[in-house]
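Novice: let me see the structure of the following:
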Amino acid sequence: MSKINLGVFILSNGWGGAEESTANIIENVDKEKFNIFILTNDFLADRYASINGVTVINLGGYESNKPLQKIYSLFKIQIALKKAIKKYSIDVLHARLENSLLSLGTMLPQLSVPIVFTLSGDEARMYQRPRSLEQRLIQKIIHRYIHHPRVQVTSVSQWLIRDFSEKDKEQIVVTPNGTNGSLFRPLPGVEKPDIPFVFYTGRLVKGKGIEDLVEVAKALPQYEFWFAGKGPLSELLTLPNTKHLGFVMREDLVALYTKSTICVFPSYAEGMPMSGIEAMACGKAVVAAPAGLSDFIHNVVEGLILVDGN
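Specialist: A predicted model of the protein is given here:
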């Protein structure tokens, strides 16, 4: 039986849960059954290059901040993507993130391969409440994909599509993110710090609940609050009991999860937070907002889900 040529199409100039879970999926796909081709932009091509047994195809640079340059870069990526699909005889194309969706939006009539598109986060919000011309375009593309016979739309959590119509939900398959259980597990013999600490890992940006955590830190001076990640809200981490660790490699997060007193994930909007799943795999109870993790945490058993801001 010949192998299936699976193309994984993802565009991003940052590294977050969707980018990491894509790497996890690719690493664990059965290479005896699939040839994996990662079709991506230069930023992610460098980061996915270390994955063994796959072919990384750099489709070029992607401009995400300047509208006219963004359109031009997407147009060039469209051309490169179409050529790559033909050159490598891609049988199935799996796409993630709204940037990839924008690029694919006008290509559907030109492509004969089946497409799987995974809703990971912002795309669902845009579908329900578009606030710009670009987001209205994304809304139309997602609606078309949900009801197209050659496209299967999936979601990483039930929470993410909770506001979709029942008709739309019937067409969406929920496939949760997984994590690397051989890496993320409790580490024996890890020395605990003298002062208990609350641990957060993720981007330090608005919408992640960073401001709320700082307020909690003010009210609980007997605890330290450790933050792993980068972002503009790092400037808020100036209290005597807050510590900013900066960017932390995945391998080093395991020890931090293990030695922490509790892990917190107070994001207002997520698909399925990878960091929360990793923390639980390391044996930690978590305190989390409902966004994404409410699918996987039995409240007051594996952790605590914050409801109505409490």
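
Novice: run through the bridge partners of residue 153.
Specialist: On the basis of DSSP bridges, residue 153 is bridged to residue 117, residue 172.

Novice: need the contact list for it.
Specialist: The neighbours of residue 153, taking CB atoms under 8 Å, 6 or more residues apart in numbering as the test, are 116, 117, 118, 119, 142, 145, 146, 171, 172, 173. C-beta: built from backbone N, CA, C; applies to glycine.

Novice: residue 293: which of those residues is nearest?
Specialist: Within the contacts of residue 153, proximity to residue 293 (CB to CB) peaks at residue 119, which comes in at 16.2 Å.

Novice: which of the contacts of residue 153 ranks first by neighbour count?
Specialist: Ranked by neighbour count (other CB atoms under 10 Å), the contacts of residue 153 have residue 119 at the top, with 28 neighbours.

Novice: quick check on the closest residue to it other than its chain neighbours: phi, psi?
Specialist: Among residues not flanking residue 119 along the chain, residue 155 sits closest, at 4.4 Å (CB to CB, 6 or more residues apart in numbering). Dihedral angles of residue 155 (phi, psi; degrees, to the nearest 10) stand at phi -130, psi 150.

Novice: do the same with residue 126
Specialist: phi -60, psi -40.

Novice: begin at 53, not 1, for the rest of this chat.
Specialist: That works, and once the first residue is 53, the last one we named lands at residue 178.

Novice: now do the closest residue to it other than its chain neighbours against residue 298, distance only.
Specialist: In this structure, residue 178 finds its nearest non-sequential neighbour in residue 187, 4.3 Å apart by CB to CB, 6+ apart. Computed as CB to CB, to the nearest Å, the residue 187 to residue 298 distance reads 32 Å.

Novice: go on, residue 62?
Specialist: According to CB to CB, residue 62 and residue 298 sit 25 Å apart.

Novice: next one: residue 282
Specialist: Taken as CB to CB, the span from residue 282 to residue 298 is 6 Å.

Novice: what about these two, which has more around it?
Specialist: Just comparing residue 282 and residue 298: by other CB under 10 Å the higher neighbour count belongs to residue 282, 18 against 10.

Novice: contacts for the longest helix seen in the chain?
Specialist: Counting by DSSP state H, the longest helix found in the chain is helix 119-139. Outside helix 119-139, the residues that touch it by CB under 8 Å, 6+ apart are 59, 61, 63, 89, 91, 93, 109, 111-116, 142, 145, 151, 154-155, 158-159, 162-163, 165.

Novice: next secondary structure after it?
Specialist: strand 144-148 (DSSP states H and E).
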